[in-house]
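S.K.: pasting the sequence and the predicted model now:
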Amino acid sequence: MKSLDIRAFRAYDTNMCSGLAALVERAEDAAAASSVEGRLLLLAGLRQAVDAAMVAALGEIAAAPGPVQLDGGIDGGQWLAARSELHPAEARALGGLAGDLPAMPVTAEALSNGRIGVEKARLLGTARDVNGFAEAEAGLVDAVIGVSLRRARRVIGRFVADYQEVDPADPAANEVTLAPKRNGRWGLHGDLDAETATLIANELRRLADGHRDDEGLNLGRRRALGLLDMARRSVSFGERGPGSRPEVVLVADVRFDGDIVDARYEDGTPVSRKVFENLACDATVRALVVNGPSEPLELGRSQRLATAGQRRAAAVRDGGCVYPDCDQPPDHCDLHHIRHWLNGGKTDLPNLCLLCRRHHALAHLIGFTFARDKHGQLIIYRPDGEPLHWFRQRAA
């Protein structure tokens, strides 16, 4: 095993990096004689220490975010995701933990000295706002040291359930999250009062029973079909009036012979012909035909306010906020004039780009400027005129 250079770690006079250097030294000492299992455990410990050191560095950025913001980042986590190969969700999670730790001194100390890892620290962070956490923090940290993550989750869950000041019968405290997962599917999770949950459960049970004859479907899959039935019924008899259909925006490329190919949803998810035909029956399909990957056609004339067609075209082209590794979708974004309207800019599609609300505010606060090169690619410039070299507009 190649010797690891730890001089860089020793250059930092902090307990965190001293602990990290010690782990590297232990890995070097044991590398030649240890089994692969032993090396794996040592590497796991090293990774834990590296994660903790990254959280500490992100904490320093949170305390003084100016340089990161000048480089186009909203915060340390978003900036780290854009400047490294870390998954954006992982980088944001580390940044979020760094922001929580100042109010969690016992957790911060346990993380820095390696008694717990970042996942357990994040679990403890979920209880940070619960009444009595400050008094209970030391006991909670001790309770999760040396146990599995599953066991730690139960410990924290029981504390939250016992001490969180939320009326279990209050519907105003209900929460439902629906978010995409890494595998392309979506996750659904809810926290509901008993009355609301019972109402939904009974309706789901009734609708799931309607799929009992569907071969090979367990209860969970029948419930999923029942949920879909509820959504379709709501659309048909909701506020838009009986018989109205959900609007689905589909995007497709036009081939030289006029045939429509490469059909996809507005967010870029491919659509098979079978699904396309089904949507055409069950939804109002708004087709947006583009001539190649990033040149939407016939979307209205220039005016001060963008048209709905221009918004849809920008959504297809940009895919969401144009800042790198910002995952805000088009419906959470504003259309930003690259050359401001007051400065003679037109409301033409090439002069527009999507920015999420936070990045839009940051652009005006810091004074970023935008331009397109001769190929139409977007470039973002800092106030000193230097481009954000790490910036790359996402592919359409």
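M.R.: Thanks, I have the structure now. Numbers count the residues shown, from 1 in each chain.
S.K.: what residue ranges in the stretch 1-150 of the chain are flagged as low confidence?
M.R.: 1-24, 26-34 (pLDDT under 70).
S.K.: for Glu386, give me its contacts.
M.R.: Residues in contact with Glu386 (Cβ atoms under 8 Å, 6 or more residues apart in numbering): none are found. Any C-beta I mention is one placed from the backbone N, CA and C, and that applies to glycine too.
S.K.: how about it, phi and psi?
M.R.: phi -80, psi 140 (degrees, to the nearest 10).
S.K.: helix or strand right after the one helix or strand Leu140 maps to?
M.R.: Assigned by DSSP states H and E, Leu140 belongs to helix 133-144. Going down the chain from helix 133-144, the next helix or strand is helix 149-163, by DSSP H and E.
S.K.: restricting to C-alpha, output that following helix in PDB.
M.R.: Provided in PDB are the C-alpha atoms of helix 149-163 (Å, rounded to 0.1, in the frame of the first residue of the first chain):
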ATOM      1  CA  LEU A 149     -27.900   3.500  13.100                       C
ATOM      2  CA  ARG A 150     -31.300   1.800  13.300                       C
ATOM      3  CA  ARG A 151     -31.100   1.700  17.100                       C
ATOM      4  CA  ALA A 152     -30.000   5.300  17.200                       C
ATOM      5  CA  ARG A 153     -33.000   6.300  15.000                       C
ATOM      6  CA  ARG A 154     -35.400   4.600  17.500                       C
ATOM      7  CA  VAL A 155     -33.700   6.400  20.500                       C
ATOM      8  CA  ILE A 156     -34.100   9.800  18.800                       C
ATOM      9  CA  GLY A 157     -37.600   9.000  17.600                       C
ATOM     10  CA  ARG A 158     -38.800   8.100  21.100                       C
ATOM     11  CA  PHE A 159     -37.300  11.300  22.500                       C
ATOM     12  CA  VAL A 160     -39.100  13.400  19.800                       C
ATOM     13  CA  ALA A 161     -42.400  11.600  20.300                       C
ATOM     14  CA  ASP A 162     -42.200  12.100  24.100                       C
ATOM     15  CA  TYR A 163     -41.100  15.800  24.200                       C
END
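S.K.: quick one: the helix holding Leu140 to chain centroid distance?
M.R.: In terms of Cα atoms, centre = their mean, to the nearest Å, the centre of helix 133-144 is set 29 Å apart from its chain centre.
S.K.: could you check the angle helix 149-163 makes with that helix?
M.R.: Angle of helix 133-144 versus helix 149-163, following axes from the mean of the first three to the mean of the last three Cα atoms, to 10 degrees, is 150 degrees.
S.K.: which strands and helices sit next to helix 133-144?
M.R.: helix 105-112, helix 118-125, helix 149-163 (3 or more Cβ pairs under 8 Å, 6 or more residues apart in numbering; DSSP states H and E).
S.K.: mean neighbour count and distance to Val141 for those helices - can I get that in a markdown table?
M.R.: Conversion of the helices and strands packed on helix 133-144 to a markdown table gives the following (neighbours: other Cβ atoms under 10 Å; distance: least, Cβ to Cβ, whole Å):
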| stretch | mean neighbour count | distance to Val141 |
| --- | --- | --- |
| helix 105-112 | 20 | 5 |
| helix 118-125 | 21 | 7 |
| helix 149-163 | 14 | 10 |
